[in-house]
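A.B. asks: quick one: sequence and predicted model below, then my questions.
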Amino acid sequence: MPTTSVIERPHAICFSRNELLYVFITSDTSPAGLSIQIILFFGGQQFTANLKPDSNGKTYFYINGYIDSFLKYQLPSNQSTFITDAYSAQSVEFYIHYREVTDASTPAYVTSEESSHKRVAFNMGIIREKYSRNNFFANYFAYEKPWLTWLPSGRTVSHNQQIFLSTLILPQHAGKILRLSIVATDIYGNDYVRSDYLGEVPSTGWLKHINVSMAALQIATLTSNPIDYYLVSIYESGTNDGIVSQYQFYVSYDHLYSYTDIHFFNSLGGLDSVRVIGEVETALNKDYTEVDNGIDVNDWLATIKKADTSHVGITTYQSYKGDVGFLEDEAEQDAMTELLISRSIWQYADSRWLPVINLQKSTSLRLSTAKTYSLPIEWRTAITNEVFTPSDVNLGIGTDVETYP
């Protein structure tokens, strides 16, 4: 007779970058060869583990490594895409079956119990000092109704900058029709209001990246006056109940002679954007293998001399040092440090998303007496080349014009 049961499982909505743990208790650990065999089902895959109870009869099954390695980040199809559905890429449903196995018996799996406790994990996480099971959702998310970013509301962006905000809508809102609210205020204090249809929330909820740049929101169609700031939020159509809180952008019309837009996925799985402005140092980095060409016995006759050594496998890449420029306060500077730890950083150039690597192992942030804030940044594209093409030559995307059997 099986004596094992589950006494702890992950929260119904959970983070893949924090602890995901099942705990079992076995009341009788005396049978010879006893182990707990567990099958983890996730995303059409499965993993089987055989674990032995400890001296207290408890078995611990940590699964965050399996779940987190399965999840991906979903980029927009291009930099100007308005809405990107990221739920299928950045979340996965999982559950387990388990059974006791001994030298004398291998019974059927216990299936009904845990099949009715399916969980959903998102590729998100919070620091260990603040993580406590469902505290993010119970004590923060439900009340703050935040966008998926730690960058504070009220930050300044350029008028032509492509920026994104991401939103997680939980299944409790299934069936609701949601709209994006835009309230723009010009430099004379006049308000202009419009809204965009986002869609009906499916039974699973949704995770979307929304382009909230001035161009994507078509703010120029509201007024020809310069905009001082604008606010975006999400509400339920019909009831006007707020679903996601207002987020504010101040608008800069400063003329920039050069800049680089970098997009990165933050710890909450949201897509953040930053513009690197001002002076940027560009360096060319070269790698190669040196080989010995040997001796030319006819060297004394040669009119074209043979090289003693050659360089093969020559590759180059460019690296950059710059600064994100003026930041409002410590909170924005701290949140921007996600550029150092993000696992997915991108630039958009010539119709393509280019992967980026942050090169910093550390950086100086501020003194306790600081009155202004910025953030140095060092990066490179994660692509090496053996040939050269000018960066200002835009070639677009090619097409395959061949016919095949």
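C.D. replies: Done, it's in.
A.B. asks: helices of the chain, start to end?
C.D. replies: 64-70, 87-90, 112-115, 135-136, 142-144, 330-336, 338-341 (DSSP state H).
A.B. asks: any chance of those in TSV, with distance to residue 33 too?
C.D. replies: Glycine gets a C-beta too; all of them are placed from N, C-alpha and C. Converted to TSV, the helices of the chain look like this (distance: least, Cβ to Cβ, whole Å):
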stretch	distance to residue 33
helix 64-70	25
helix 87-90	41
helix 112-115	24
helix 135-136	40
helix 142-144	47
helix 330-336	52
helix 338-341	44
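A.B. asks: make a markdown table out of those helices and add mean neighbour count, mean pLDDT and distance to residue 28.
C.D. replies: Below are the helices of the chain laid out as a markdown table (neighbours: other Cβ atoms under 10 Å; pLDDT from 0 to 100; distance: least, Cβ to Cβ, whole Å):
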| stretch | mean neighbour count | mean pLDDT | distance to residue 28 |
| --- | --- | --- | --- |
| helix 64-70 | 17 | 95 | 29 |
| helix 87-90 | 17 | 96 | 42 |
| helix 112-115 | 14 | 84 | 19 |
| helix 135-136 | 17 | 94 | 35 |
| helix 142-144 | 10 | 91 | 42 |
| helix 330-336 | 18 | 92 | 51 |
| helix 338-341 | 18 | 93 | 46 |
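A.B. asks: of these, which is nearest residue 44?
C.D. replies: Residue 44 lies closest, by Cβ to Cβ, to one member of these: helix 64-70, at 9.7 Å.
A.B. asks: quick check: domain ranges of the protein?
C.D. replies: 4-73+91-130, 145-252, 261-381 (automatic domain parsing).
A.B. asks: kindly check the end-to-end length of the longest one for me.
C.D. replies: It refers to domain 261-381. Domain 261-381 has an end-to-end distance of 13 Å (Cα to Cα, to the nearest Å).
A.B. asks: please apply the same query to the shortest one.
C.D. replies: When the termini of domain 145-252 are compared using Cα to Cα, they are 27 Å apart.
A.B. asks: I'd guessed residue 316 sits against residue 381; true?
C.D. replies: No: here residue 316 lies out of contact with residue 381, judged by Cβ atoms under 8 Å, at a distance of 11.3 Å.
A.B. asks: where does the stretch 201-350 of the chain dip in pLDDT?
C.D. replies: The stretch 201-350 of the chain contains no residues with pLDDT under 70.
A.B. asks: does residue 323 really touch residue 373, like I thought?
C.D. replies: No: using Cβ under 8 Å as the test, residue 323 is too far from residue 373 to be in contact (10.8 Å).
A.B. asks: those two: who's more crowded?
C.D. replies: Counted by other Cβ atoms under 10 Å, residue 323 and residue 373 do not tie: residue 373 has more neighbours, with 19 against 15.
A.B. asks: so what's the more buried one bridging to?
C.D. replies: Counting by DSSP bridges, residue 373 forms beta bridges with residue 327.
A.B. asks: distance of it from residue 148?
C.D. replies: As judged by Cβ to Cβ, to the nearest Å, residue 373 and residue 148 stand 23 Å apart.
A.B. asks: and for residue 247?
C.D. replies: Residue 247 sits 11 Å away from residue 148, going by Cβ to Cβ.
A.B. asks: more neighbours, these two?
C.D. replies: Ranked by neighbour count (other Cβ under 10 Å), residue 247 and residue 148 place residue 148 first, with 25 against 20.
A.B. asks: for the more buried one, which non-adjacent residue is closest in space?
C.D. replies: Spatial nearest neighbour of residue 148, excluding adjacent residues (Cβ to Cβ, 6 or more residues apart in numbering): residue 270 at 3.1 Å.
A.B. asks: tell me who's in contact with that neighbour.
C.D. replies: Neighbouring residues of residue 270 by Cβ atoms under 8 Å, 6 or more residues apart in numbering: 147, 148, 149, 164, 165, 166, 209.
A.B. asks: I'd like the residues you listed laid out as a markdown table, including distance to residue 175.
C.D. replies: Formatted as a markdown table, these follow (distance: Cβ to Cβ, whole Å):
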| residue | distance to residue 175 |
| --- | --- |
| 147 | 22 |
| 148 | 22 |
| 149 | 26 |
| 164 | 26 |
| 165 | 23 |
| 166 | 22 |
| 209 | 22 |
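A.B. asks: quick one: which of these is nearest to residue 286?
C.D. replies: Lowest distance from residue 286 to the contacts of residue 270 (Cβ to Cβ) belongs to residue 164, with 34.8 Å.
A.B. asks: surely the closest one meets residue 271?
C.D. replies: Yes: at 4.3 Å, residue 164 and residue 271 qualify as touching, with contact defined as Cβ under 8 Å.
A.B. asks: shared neighbours of those two, anything?
C.D. replies: Common neighbours of residue 164 and residue 271 (criterion: Cβ under 8 Å, 6+ apart): 76, 209, 263.
A.B. asks: got a winner among these for most neighbours?
C.D. replies: Within the shared contacts of residue 164 and residue 271, neighbour counts (other Cβ under 10 Å) peak at residue 209, which reaches 26 neighbours.
A.B. asks: which residues does that one bridge with?
C.D. replies: Taking DSSP bridges as the rule, residue 209 bridges to residue 84, residue 166.
A.B. asks: ok, it - contacts?
C.D. replies: Residue 209 makes contact with 74, 76, 83, 84, 86, 164, 165, 166, 270, 271 under the criterion Cβ under 8 Å, 6+ apart.
A.B. asks: give me the neighbour count for the nearest residue to residue 117 once chain neighbours are set aside.
C.D. replies: Distance criterion Cβ to Cβ, 6+ apart; nearest residue to residue 117, sequence neighbours excluded, is residue 9 at 6.0 Å. Using other Cβ under 10 Å, residue 9 has 18 other residues around it.
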